[in-house]
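# When you get a sec, could you give me coordinates for this:
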Amino acid sequence: QCVHWLADGTFRSAPQKFLQSYSIHGRTDWGIHSFVHVAMCDKKQEQYELLFRGLIDFANQNGIKLQSISIMLDFEQ
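The predicted structure is shown next:
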């Protein structure tokens, strides 16, 4: 039901031994809702690709139809 996604990571609240906590939220008519939280070991492009591929695979295996129109990401380098 969430067609607009927001994704961002934070280093401050990452669990020990992880570089960052990354979360994906979806916006609906009723507000913004968190639906993915991941503890990430690094912030290389490959790790983000694995995250989103894993999300797509999980949705496909569980009959969840992802219908994102937009994804807003915070790009930091």
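# all helices of the chain, in order?
45-61 (DSSP state H).
# Can you tell me which helix or strand of it has the lowest average pLDDT?
When the helices and strands of the chain are scored by mean pLDDT, DSSP states H and E, strand 70-73 comes last with a mean of 85.
# In contact with the residue nearest in space to the middle of the chain, which residues?
Closest to where the C-alpha atoms of the chain average out (Cα atoms, centre = their mean) is Ile24, at 3.3 Å. Neighbouring residues of Ile24 by Cβ atoms under 8 Å, 6 or more residues apart in numbering: 5-7, 34-36, 55. C-beta: built from backbone N, CA, C; applies to glycine.
# Look up the closest residue to it, ignoring the ones flanking it.
Distances taken as Cβ to Cβ, 6 or more residues apart in numbering put Val36 closest to Ile24, at 4.0 Å, once the chain neighbours are dropped.
# quick one: pLDDT of the one you found?
As predicted, Val36 sits at a pLDDT of 91.
# What count of nearby residues applies to it?
16 (other Cβ atoms under 10 Å).
# Also Ala39?
14.
# And it, how close does it get to Arg12?
13 Å (Cβ to Cβ, to the nearest Å).
# Equivalent analysis for His33, please.
22 Å.
# So between these two, which is more surrounded?
His33 (11 against 6).
# what is that one paired to in the beta sheet?
Note on His33: beta-bridge partners by DSSP bridges are Gly26.
# was I right about it contacting Cys2?
Yes: counting by Cβ atoms under 8 Å, His33 touches Cys2, with 7.0 Å between them.
# what is in contact with those two at once?
Shared contacts of His33 and Cys2, defined by Cβ under 8 Å, 6+ apart, comprise 26-27.
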